[in-house]
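>>> What would the 3D arrangement of this be:
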Amino acid sequence: MVQITPIKDLEPDDTRKFIEAKVYRKWIATKNEETTPVSLCSILIDEEGTGVQVNINTNDSAIFDKYMQINKAYRISNFICEKTLDWQRTLPTKVTLTIGKCANFEPIPPDRFPQHCFHFASYDEVCNRIEYQTPILTDYIGCICNIGNIQHSKNPNSRKYFRLIDIIDLNNNYLQLILWNERATSFPIDEYESHTKPVLIAVSSCWPNIFTGTGMVQLKPTPATYYYLNPNIPEYQNSISAYRELFSQKPMLLADKNRRQDPQEEQRRNRITLQELNTYDFQNNKVLRNNKYTCEAKIQQVENNRPWFYASCDKERCNKKVGGKIHELLCPTHGTLKEANFSYCFRILITDGTSTITLALLCNNAEKLLGISCKKMIVELGFDNKYVLPDPIKALEGTTHIFQFHYQSPNQYMVDDIFPINHTATYTPPNTETPPTADIDTPKTNTPKMKKNLFTSSDEAETAAKKQKKT
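As a prediction, the model looks like this:
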């Protein structure tokens, strides 16, 4: 009688063993970004749910095509067990099987084999594994909170493109699954959209990693990585109710992060009331901090307890804060300047009838709202006292707009965009014999006398404005 060996008991250099297993996954391995196959690979799982990788030489593709059929099961013999090297590891199993023309395949019923093979790690375990010198293959399950668009690698010599899948667990821990090339383009978005939200994803055989640019925990794929939406496994059945309860209480955990090209669609993306917004704990939730929200609201007040603009050096690659009187502007690097860059930096209190929040308005968004550049406001209209709000800015109070914004710091949000609702601030300069008939940006022949004051601003406003210019 043939003795069947469990996969977990296979040892390197074993050759006279029999196993019974089901074909779970298969793929064609290539070298780097090349398309030429270097190996034909698959994963088998036995009755105990233990997986093992199988490698088949590309010259034996007939075996791969005939026997490595997903969900088919066989009694297999005449294979070689080799020690799994760290660089080629896709499973925690200590051996990898090499199969050639002499291998024997006897078909058997697949019903008694498990449908999936997972060994899920918690978020804390994923973080701990990042620090190991020898990476540990990781399976993970969580809820999809965003599907990113296809992005191209920033490396100009690379042909790679990728997609980021944002995943959250029941403790509001947040990480990303990165999918490259074909995996990125073939992600089943239509299937995702067809499911009732929330949708859980189970992903297998990934390397835990920290993305140095953002400090975000990421799961990097290996050749054996695969993902399943709402898989029929006990972990899904045991947790889906809890996820539904979580997202019914905090629907913005599933906020849409993909910008729309159509402004009408974009201004409806992640629409929220300020009352709901104020219930969220932004400081302790990365998912919420990374979202952009929109709300139709009225400007209740423009704050006047801080400078409303700041000046910076106009020399290339400088942009340092400028000090001095308006006709004696001084840059720490370039000395006395004839010209400078002027940028808005004021805050507004808005209300939608349910609650209020404070928004920071900088640079282009403030200019979009006012219809005039900061430099023209100062130089042409003569509002050069940074501590006294100009009349055009005061005229914003009482106007209604659709604001798009994100969390910046406790009790303050940063404006990302503004959509008009036929309410615009209007201002007519005083003592004007002939009111301008054109837009307020129309150049004037008579420039009012400049007031003398210092052009300085808080570091916080300057830093935020620089970030907005880069975006």
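
>>> Wait, a helix at residue 171?
No - using DSSP: H, G, I helix; E, B strand; the rest coil, the secondary structure at residue 171 is coil, not a helix.

>>> ok, the closest residue to it other than its chain neighbours - contacts?
In this structure, residue 171 finds its nearest non-sequential neighbour in residue 123, 6.9 Å apart by C-beta to C-beta, 6 or more residues apart in numbering. All C-beta spots, glycine's among them, are computed from the backbone N, C-alpha and C. Shown in contact with residue 123 (C-beta atoms under 8 Å, 6 or more residues apart in numbering): 169, 171, 173, 175, 217.

>>> Now do the helices in the stretch 301-450 of the chain.
363-370, 374-379, 391-394 (DSSP state H, counting those that start in this stretch).

>>> how about these in TSV, adding distance to residue 258?
Compiled in TSV, those are given as follows (distance: least, C-beta to C-beta, whole Å):
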stretch	distance to residue 258
helix 363-370	21
helix 374-379	31
helix 391-394	33
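
>>> one step back: tell me which two in the contacts of residue 123 are the farthest apart.
Spatially, the most separated pair among the contacts of residue 123 is 171 and 217, at 13.3 Å (C-beta to C-beta).

>>> So for those two, which residue has more residues nearby?
With neighbours defined as other C-beta atoms under 10 Å, residue 171 and residue 217 compare such that residue 217 has more, 19 against 10.

>>> Residue 192 contacts residue 143, correct?
No - the criterion here is C-beta atoms under 8 Å, and residue 192 misses it with residue 143 at 11.6 Å.

>>> Now do the shared contacts for those two.
residue 199.

>>> who has more neighbours, those two?
Remark: of residue 192 and residue 143, residue 143 carries more neighbours, 23 against 16, as counted by other C-beta under 10 Å.

>>> In which helix or strand does that one reside?
strand 138-147 (DSSP states H and E).

>>> centre of the chain versus the helix or strand that that strand is followed by, how much separation?
Remark: after strand 138-147, the chain's next helix or strand is strand 151-152, criterion DSSP H and E. The chain centre lies 13 Å from the centre of strand 151-152; the measure is C-alpha atoms, centre = their mean, to the nearest Å.

>>> Over to stretch 364-378?
31 Å.

>>> pLDDT of it, averaged?
In this model, stretch 364-378 has a mean pLDDT of 92.

>>> Check stretch 163-179 too.
Here the average pLDDT along stretch 163-179 is 91.

>>> So for it, what gets flagged as buried?
Of the residues in stretch 163-179, 163-169, 172-179 count as buried by neighbour count, 16 or more other C-beta atoms under 10 Å.

>>> how far off strand 138-147 does the longest helix along the chain point, in degrees?
Criterion DSSP state H: the longest helix present in the chain is helix 234-249. Put simply, helix 234-249 runs at 30 degrees to strand 138-147, going by axes from the mean of the first three to the mean of the last three C-alpha atoms, to 10 degrees.

>>> for residue 274, what are its contacts?
Counting by C-beta under 8 Å, 6+ apart, residue 274 touches 295, 297, 350, 351, 352, 354, 355, 356, 357.

>>> Against residue 19, how distant is the closest residue to it other than its chain neighbours?
Of all residues beyond its chain neighbours, the one nearest residue 274 is residue 355 (3.9 Å), with distances taken as C-beta to C-beta, 6+ apart. Residue 355 sits 63 Å away from residue 19, going by C-beta to C-beta, to the nearest Å.

>>> Which one's more surrounded, the two?
More crowded of residue 355 and residue 19, by other C-beta under 10 Å: residue 19, with 21 against 16.

>>> Please, which helix or strand holds that one?
Following DSSP H and E, one finds residue 19 within strand 19-30.

>>> ok, now residue 75?
Residue-wise, residue 75 maps onto strand 73-77 under DSSP H and E.

>>> What pairs with that strand, parallel or antiparallel?
Strand 73-77 sits in its sheet next to strand 19-30 (antiparallel), strand 104-108 (antiparallel), going by DSSP bridges.

>>> Need the CA coordinates for that strand. PDB is fine.
Output in PDB follows, covering the C-alpha atoms of strand 73-77 (Å, rounded to 0.1, in the frame of the first residue of the first chain):
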ATOM      1  CA  ALA A  73      -6.000  17.000  -7.600                       C
ATOM      2  CA  TYR A  74      -3.400  14.200  -8.000                       C
ATOM      3  CA  ARG A  75      -1.300  11.600  -6.300                       C
ATOM      4  CA  ILE A  76       2.200  12.600  -7.300                       C
ATOM      5  CA  SER A  77       5.500  10.700  -7.200                       C
END
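
>>> contacts for it?
Under C-beta under 8 Å, 6+ apart, the answer for strand 73-77 is 2, 4, 16-23, 44, 67, 99, 103-110, 113.

>>> Can you select the buried ones from those in PyMOL?
Remark: buried members of the contacts of strand 73-77, expressed as a PyMOL selection using 16+ other C-beta under 10 Å:
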select buried, resi 17+19+20+21+22+23+44+67+99+103+105+108+113
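
>>> looking only at pLDDT, what's the mean for the one helix or strand residue 276 maps to?
According to DSSP H and E, residue 276 maps onto helix 274-277. Averaging pLDDT along helix 274-277 yields 92.

>>> Buried ones in it, by neighbour count?
Buried residues in helix 274-277, defined by neighbour count with 16+ other C-beta under 10 Å: 274, 277.

>>> so how far is it from its chain's centroid?
Mean-position distance between helix 274-277 and its chain equals 23 Å (C-alpha atoms, centre = their mean).

>>> Excluding chain neighbours, what is closest to residue 110?
residue 73 (3.8 Å).

>>> Kindly state the beta-bridge partners for that neighbour.
In this entry, residue 73 is beta-bridged to residue 22, residue 108, by DSSP bridges.

>>> Just the pLDDT for it.
96.

>>> now swap in residue 466 and tell me
Listed pLDDT for residue 466 reads 51.

>>> for residue 429, same thing?
So, for residue 429, pLDDT stands at 51.

>>> Then residue 143?
Note on residue 143: pLDDT of 94.

>>> hang on, isn't it packed against residue 200?
Yes - between residue 143 and residue 200 there is a contact at 5.5 Å, judged by C-beta under 8 Å.
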